[in-house]
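>>> Give me coordinates for this.
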Amino acid sequence: MVKRLKKAKHVIYLLIALSMLVIALPRISFAGGMDWVNIFGIVWVLFSLLIVGAHLHFILGVDEEKKRALEAVRRAKLRQWEMKLVDKQEQSKSV
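Next up is the predicted model:
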């Protein structure tokens, strides 16, 4: 239930950021050379694209896939350490 609310919140924020980008992009002129107004427009567009990308990253669940992969690596390392400890204990008993 909580995950759905978080995803819904991110979908709403994504739509707001996309709508701001769609509304503002045609109004920003990039043809006037590199003055402060154009630099601000470029930075603003890049920042809004960063926001859109961050919300897409959360909505698509990339973090959850990373967490699962890292957990699998942790379990594999733990098994290796356990096997090393068992081998050391068997070697110490046999000596």
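>>> alpha carbons only for contacts and neighbour counts from here, please
Will do.
>>> Could you pull out the strands in the protein for me?
Under the criterion DSSP state E, the chain contains no strands.
>>> Roughly how far does residue 45 sit from residue 51?
10 Å (Cα to Cα, to the nearest Å).
>>> and residue 29, what is it in contact with?
Residues in contact with residue 29 (Cα atoms under 8 Å, 6 or more residues apart in numbering) are 38, 41.
>>> Got the phi and psi for it?
phi -100, psi 120 (degrees, to the nearest 10).
>>> Same check on residue 31?
Main-chain dihedrals, residue 31, degrees, to the nearest 10: phi -90, psi -10.
>>> what about it, neighbour count?
Neighbourhood size, residue 31 [other Cα atoms under 10 Å]: 7.
>>> Next: the one 5 residues further on.
Other residues within reach of residue 36, judged by other Cα under 10 Å, total 9.
>>> same thing with residue 65?
11.
>>> next one: residue 10
There are 19 residues near residue 10, going by other Cα under 10 Å.
>>> leaving aside the residues next to it on the chain, what's closest to it?
residue 55 (5.8 Å; Cα to Cα, 6 or more residues apart in numbering).
>>> Off-centre distance for the helix ranked longest in the chain?
When the chain is parsed with DSSP state H, its longest helix is helix 62-94. Offset of helix 62-94 from its chain centre (Cα atoms, centre = their mean, to the nearest Å): 27 Å.
>>> what's the distance between the residue nearest the centre of the chain and residue 23?
Centroid check for the chain by Cα atoms, centre = their mean gives residue 57 as the closest residue, at 4.7 Å. Between residue 57 and residue 23 the computed distance is 23 Å (Cα to Cα).
>>> what's the answer for residue 37, then?
17 Å.
>>> These two: who's more crowded?
Of the pair residue 37 and residue 23, residue 37 is the one with more neighbours under other Cα under 10 Å, namely 14 against 11.
>>> Give the full set of residues in contact with that one.
Applying Cα under 8 Å, 6+ apart to residue 37 gives no contacts.
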